[in-house]
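Colleague: mind folding the following:
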Amino acid sequence: MSETPLFLPTGLAADLHRGGAEAVLFLPGWSGTRYGPQRILLDAARACAAYGATTLRLDFRGRGDSPGDPTATTLDDMITDTTDAVAWLRAMHGVARVHLVGLCSGGNVALGAASRLPDVGHVICWSLLPFMEHKAQAVKQGTPRLALVRQYAAKLLRVETWRKLLRGEANVKGAVKTLAKDKEGDNAERGRKTSARDILRDLQGFAGQLHLLYGSRDPESAGSRAFFEAWCRRHRIPVDIRVIDGAPHNFYTAAWTAAVAAQTADWVFSA
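Modeller: Presented below is the predicted three-dimensional model:
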């Protein structure tokens, strides 16, 4: 794969690989960049490029190399960034069909864009969480906080954990912060993560193909999977949900990253 770094007409930074008529647009998480953790977005782009696809990895406004105030960017801004990028791909590179791949909130952005772009093909969401207004419902379905507590409790039963504690290698402070923090931020942050639209209502006519990928060790995956599976069933939207055993939210390790990249390319090009 040969990528060209560039700035779109909107000013956003991106990396483009010029391939065929099928294009895959990669969308990072809320505060992430177009590379993703451990370069997972780059690896997935390479996997898709191997099938001859055009790929574009995007920095949302205020993120990475793109201009803008990072504290002012909203979910709806990111959706607009995405639809603008799709329009640019079609106008400048003549792609016949665009597929969207998003990590965490990038998946929410992908759904938001798909609700405005009825001709999008595959929408692939890694570690997708419910939209802000549906979080409480998903928590009831999956009890993620309890799952996280159980995960740390299980670690306390391992001999290696106690060895790390005695050697001072265990990240006790980090574990406490993880259990105590509100990952969605303050009221202002939650407001920026909430769309002015009812995206799921607008998505009910989606005619593309939806795919969700989770790690089994992500404490929020159970509730999120249950929420979206029920929603898709209620609105008769076909969805393929897969789980990578042992993987956490961001699919750390080379093996999990490779599995995500391979599954993503397989969904788009082997369907």
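Colleague: helices of the stretch 51-200 of the chain, start to end?
Modeller: 75-93, 105-114, 135-142, 144-156, 159-167, 172-180, 187-192, 199-202 (DSSP state H, counting those that start in this stretch).
Colleague: run the chain-centre distance for the first one.
Modeller: Centre-to-centre, helix 75-93 and its host chain are 17 Å apart (CA atoms, centre = their mean, to the nearest Å).
Colleague: about what we covered before: among the helices of the stretch 51-200 of the chain, which gets the worst mean confidence?
Modeller: Lowest mean pLDDT of the helices of the stretch 51-200 of the chain: helix 172-180, a mean of 47.
Colleague: low pLDDT regions in this structure?
Modeller: Scanning the chain for pLDDT under 70 picks out 134-156, 161-162, 164-165, 168-185, 271.
Colleague: quick one: the strands in it?
Modeller: 3-7, 13-17, 22-27, 54-58, 97-103, 122-126, 209-215, 239-244 (DSSP state E).
Colleague: those strands: which one's closest to Arg163?
Modeller: Among these, the nearest to Arg163 by CB to CB is strand 209-215 (25.6 Å). C-beta: built from backbone N, CA, C; applies to glycine.
Colleague: by contact count, what packs against the closest one?
Modeller: Applying 3 or more CB pairs under 8 Å, 6 or more residues apart in numbering; DSSP states H and E, one finds that strand 209-215 contacts strand 122-126, helix 221-234, strand 239-244, helix 254-269.
Colleague: would a markdown table of the ones you listed with mean neighbour count and distance to Ile199 be doable?
Modeller: Below are the helices and strands packed on strand 209-215 laid out as a markdown table (neighbours: other CB atoms under 10 Å; distance: least, CB to CB, whole Å):
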| stretch | mean neighbour count | distance to Ile199 |
| --- | --- | --- |
| strand 122-126 | 27 | 12 |
| helix 221-234 | 18 | 11 |
| strand 239-244 | 16 | 16 |
| helix 254-269 | 19 | 22 |
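Colleague: okay, the ones you listed in a markdown table with distance to Ala72 next?
Modeller: Listed next are those as a markdown table, based on distance: least, CB to CB, whole Å:
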| stretch | distance to Ala72 |
| --- | --- |
| strand 122-126 | 25 |
| helix 221-234 | 27 |
| strand 239-244 | 33 |
| helix 254-269 | 31 |
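Colleague: ok, which of the ones you listed comes nearest Ala53?
Modeller: helix 254-269 (7.3 Å).
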